[in-house]
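Student: Next input, structure requested:
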Amino acid sequence: MEYSKERHKSFTYGPLPVRPFVLDLKELNDDRTSLSKWRIFGTLSVISLAILLVLAMSTSSSSGMGLGLLWLGGPSLLVQNPASTTLTSGQPEITAVLSNSSTDYETMSEKLVPGWPTPSTVRTYQQQAVASDVAVCSVIGNEMLKANGTAADAVIAAALCSGVVHPYSSGLGGGALVVYYDRATKIAHTINAREVAPLAATEDMFSKSHNESDRFASMFGWKSIAVPGELAGMWELHRRFGRLPWRDLFQPTIKLAREGMTVTSFFGRILAFSKKYLLVHGDRTSRELLFDPTTNSTFVVDDVIKMPILADTLETIANDPLGINEFYNGSIARKLVNDIQGGGGIVQLKDFEQYAARTDDPPLVTQLRGNLALYGLQPPAGSILLHHALKILDGFHYNTTWERLTVEERTLFYHRLVEALKFAFAIRGNLGDHAFSTALQQFVERVQDAGTSDAARAQINDSRTFDDEAYYGMENAAVENAGGTAHTSAMDQFGNAVSFTTSLNSVFGSYRISTSTGIILNDHMDDFVTQLNANTSSTYAAMPSSPFNKIVPGKRPMSSQCPLIIVDKEGNVLVVAGASGGARISSALLNVLTRVLYFDQNLKSAMDASRVHHQLRPNEIDYERKFDQVFIDALKEKGHKLKQNIAPKFVSHSAVEFIYNNVTDGRVYAVSDARKGGLPDGI
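Tutor: Numbering: from 1, shown residues only. This is a model prediction of the structure:
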């Protein structure tokens, strides 16, 4: 792996002395629940330890002593420094990728977009737009639109970029869920490119064990890897709706990987935050990629990382006349299988050969007031949670502006939104891959029936909330999904739109990298119900886990992802949106959508407003900083328990990528959530 500490200077590094890291593992050994919460950045204890670790390392490093000994009490583990790597010189020229763009990339530098609570930037375009988690990736997607490509071309190029510039959240080693709307035919299409359980997988493969090395087997390591689907999803999207040559979509990202990509502020903070887990649960390859050999620490903002092996892999795929044959049936598949099995994983060549993105599922459709149609995907996508909650709120017939609401009316809105989320999350434990169960398909039909949302709405008491989970209809406990996710929204000049969500599951997925391909691999086996993640906390009453989300070979695990497109009665795209953030994806989208659709709030204000989240377990409202104390007090009076989102300011619980097509003024408004530091681009 090649590294450059400065944009205009490269170094050739020789072997580095091996020095020990000493880490406190008391937190990691306490219980699995604390680590599960870390995956979506939700526990104070993990955050505190991580911050203390970073501060301690920074202090010792700045004093010229190298890495010192960090002792926080409890058992410790001695972890050797990442293996040394001989690196070559070469001047990176990242901006060359954007040489034909009218946008000045320097003005879009992550140094100018440090992350929420910095306000989001809404940009206005005349024809088309791309909104992604990363500024440069939005620009790359827009370059495809400028070349007369479609929204499909744009999201593929942008998503490939995201997998390199923010490799902790997405990439070829993960999966994707896609909604595409064809304006000419006025038909919505879905592509389920979710990962699948390997053929050798068994329901009890992650049984409980007193062996410490097995306690996180479904979360970290080679056995946690499911068969990747992202590339198959991209190919189906391009084959059916793309216009530009397949090879052209890869060139900007190949250039970034080969010549160097700059660590963004958000990625740098994620690296620092993940250091402890990379050292404990990562392996040599992951540490070689993500650690700077000159500092024995993770890379920092403005460092340049080169990925020549991944660039070669991308080049092979780009030049494949059959698109994805090399990845699923050829040399890349063989390399991936050799690496996975060499580490003790169970993915076989036959798993790759048999993988196919699912394109025949009918979209999940919910009719809203004003003859609007909301499109999403069938389970195992998380779309049904958002659809159910939004349908409940839709029936309250809001018809005013946010500015005109009194404090009492805003409090009531927050209360109803939370109650709708509780009803939505109550059904999550009943979901899974609908293709494996007729009973699940029938359950989805019942939830989608208007009578179900009407009944839930009638149960909402405007004066109080309820602690009893059964009141909201909860029957089964659900697995909590992680937050290693990225989203891209795009709309083209032809009126077509794509909502594209991709994920590795946890941050950095399995913490395993294929040495022969440079691909970071997912840990999506942990999204199934296993003995390791089912009812892991004594905080909650015992409850059976979803019968539809157990491990079966070829099955897709349950997901929180819910890419969406909203179309008006004339067949025009109104909204293209999606989010990252694990279980908070649904609530983040619900917070923004309700403000835009029901209260006519401008997109910037809707995006930047403090959000509330509730997932029934735990029974508390999680609210972002700057949520007004008057609402906190008023919600407590209704019986709610509240907890402030205590993650560091640079950590995003959720980030929404939103495009709004105003058919009245003929303009397209796009915004990338500042919580993750992205920026949109368009024409």
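Student: Next, work out how far apart F627 and F413 are.
Tutor: For F627, the distance to F413 (CB to CB, to the nearest Å) stands at 13 Å. For every residue, glycine as well, the C-beta is placed using N, CA and C.
Student: Stretch 430-447: end-to-end distance?
Tutor: One end of stretch 430-447 sits 11 Å from the other (CA to CA, to the nearest Å).
Student: got the buried residues for it?
Tutor: Of all the residues in stretch 430-447, those buried under the rule 16 or more other CB atoms under 10 Å are N430, L431, G432, D433, H434, A435, F436, S437, L440, F443, V444, V447.
Student: tell me the mean pLDDT over that stretch?
Tutor: For stretch 430-447, the mean pLDDT works out to 93.
Student: just so I have it, where are all the strands in the stretch 151-300 of the chain?
Tutor: 175-182, 187-193, 261-262, 291-292, 297-298 (DSSP state E, counting those that start in this stretch).
Student: Show me what the longest one is packed up against.
Tutor: When contacts are defined as 3 or more CB pairs under 8 Å, 6 or more residues apart in numbering; DSSP states H and E, strand 175-182 packs onto helix 151-165, strand 187-193, helix 230-241, strand 372-376, strand 497-505, strand 564-567.
Student: And those: which comes nearest K604?
Tutor: Taking CB to CB, strand 564-567 is the member of those nearest to K604, at 18.9 Å.
Student: where in the stretch 501-650 of the chain is pLDDT low?
Tutor: Residues of the stretch 501-650 of the chain meeting the criterion pLDDT under 70: 532-545, 646-650.
Student: Tell me where it has strands.
Tutor: In the stretch 501-650 of the chain, the strands defined using DSSP E, counting those that start in this stretch lie at 512-513, 520-521, 564-567, 573-580, 612-613, 621-623, 642-644.
Student: Let me know which of those is tucked in deepest.
Tutor: Counting by mean count of other CB atoms under 10 Å, strand 520-521 has the highest mean neighbour count of the strands of the stretch 501-650 of the chain, with a mean of 30.
Student: partners of it, with directions?
Tutor: strand 512-513 (antiparallel) (DSSP bridges).
Student: Could you give the backbone dihedrals for the closest residue to C562 other than its chain neighbours?
Tutor: Leaving out its chain neighbours, the residue that sits closest to C562 by CB to CB, 6 or more residues apart in numbering is S383, at 4.2 Å. Backbone dihedrals for S383, given as degrees, to the nearest 10, come out at phi -50, psi -40.
Student: My read is that S383 contacts L364, right?
Tutor: Yes: the pair S383 and L364 qualifies as a contact (CB atoms under 8 Å) at a distance of 5.0 Å.
Student: Nearest the middle, which residue of the protein would you pick?
Tutor: Nearest to the geometric centre of the chain sits T485, at 1.3 Å (CA atoms, centre = their mean).
Student: so where does that residue fall, helix or strand?
Tutor: Using DSSP states H and E, T485 falls within strand 484-491.
Student: low-confidence ranges in this structure?
Tutor: 1-117, 208-214, 477-483, 532-545, 646-653.
Student: what do S383 and L364 both touch?
Tutor: Residues touching both S383 and L364 (CB atoms under 8 Å, 6 or more residues apart in numbering): G376, L377.
Student: more neighbours, the two?
Tutor: A count of neighbours by other CB atoms under 10 Å puts S383 above the other of S383 and L364, at 29 against 25.
Student: which residues sit in contact with the more buried one?
Tutor: L364, G376, L377, C562, P563, L564.
Student: Kindly report the same for R258.
Tutor: Counting by CB under 8 Å, 6+ apart, R258 has contacts K306, M307, P308, A311.
Student: Out of those, which is nearest to P557?
Tutor: Nearest to P557 among these, with distances taken as CB to CB, is M307, at 27.8 Å.
Student: And for the closest one, the neighbour number?
Tutor: Residue neighbour count, defined by other CB under 10 Å, stands at 24 for M307.
Student: Now do the closest residue to it other than its chain neighbours against V122, distance only.
Tutor: Once flanking residues are discounted, M307 sits nearest to A257: 4.3 Å by CB to CB, 6+ apart. Note on A257: its distance to V122, by CB to CB, is 31 Å.
Student: got it, and Q531?
Tutor: Q531 is 47 Å from V122, by CB to CB.
Student: Name the residue in those two with the higher neighbour count.
Tutor: V122 (19 against 16).
Student: Tell me which helix or strand the more buried one sits in.
Tutor: Going by DSSP H and E, V122 is in strand 121-125.
Student: C562 contacts G382, correct?
Tutor: Yes: C562 is within contact range of G382, at 4.6 Å (criterion: CB under 8 Å).
Student: Which neighbours do these two have in common?
Tutor: Contact criterion CB under 8 Å, 6+ apart; residues shared by C562 and G382: I585, S586.
Student: mind listing what's buried in the helix or strand encompassing V337?
Tutor: Assigned by DSSP H and E, V337 belongs to helix 331-342. Within helix 331-342, the residues scored as buried using 16+ other CB under 10 Å are I332, A333, K335, L336, V337, D339, I340.
Student: Let me know the closest of those residues to F299.
Tutor: D339 (22.9 Å).
Student: Identify the spatial nearest neighbour of that closest one, chain neighbours not counted.
Tutor: Closest residue to D339 apart from its sequence neighbours, by CB to CB, 6+ apart: S514 at 4.2 Å.
Student: Just give me the neighbour total for that neighbour.
Tutor: S514 has 25 neighbouring residues, counting by other CB under 10 Å.
Student: OK, contacts around it?
Tutor: G173, T285, K335, L336, D339, I340, L521.
Student: give the contact list for the residue nearest to M307.
Tutor: A257 touches V164, K306, M307, P308, L310, A311, L314, G518, counting by CB under 8 Å, 6+ apart.
Student: Format those as JSON lines; extra columns: secondary structure and distance to P557.
Tutor: Converted to JSON lines, these look like this (DSSP: H, G, I helix; E, B strand; the rest coil; distance: CB to CB, whole Å):
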{"residue": "V164", "secondary structure": "helix", "distance to P557": "25"}
{"residue": "K306", "secondary structure": "strand", "distance to P557": "33"}
{"residue": "M307", "secondary structure": "coil", "distance to P557": "28"}
{"residue": "P308", "secondary structure": "helix", "distance to P557": "33"}
{"residue": "L310", "secondary structure": "helix", "distance to P557": "25"}
{"residue": "A311", "secondary structure": "helix", "distance to P557": "30"}
{"residue": "L314", "secondary structure": "helix", "distance to P557": "26"}
{"residue": "G518", "secondary structure": "coil", "distance to P557": "25"}
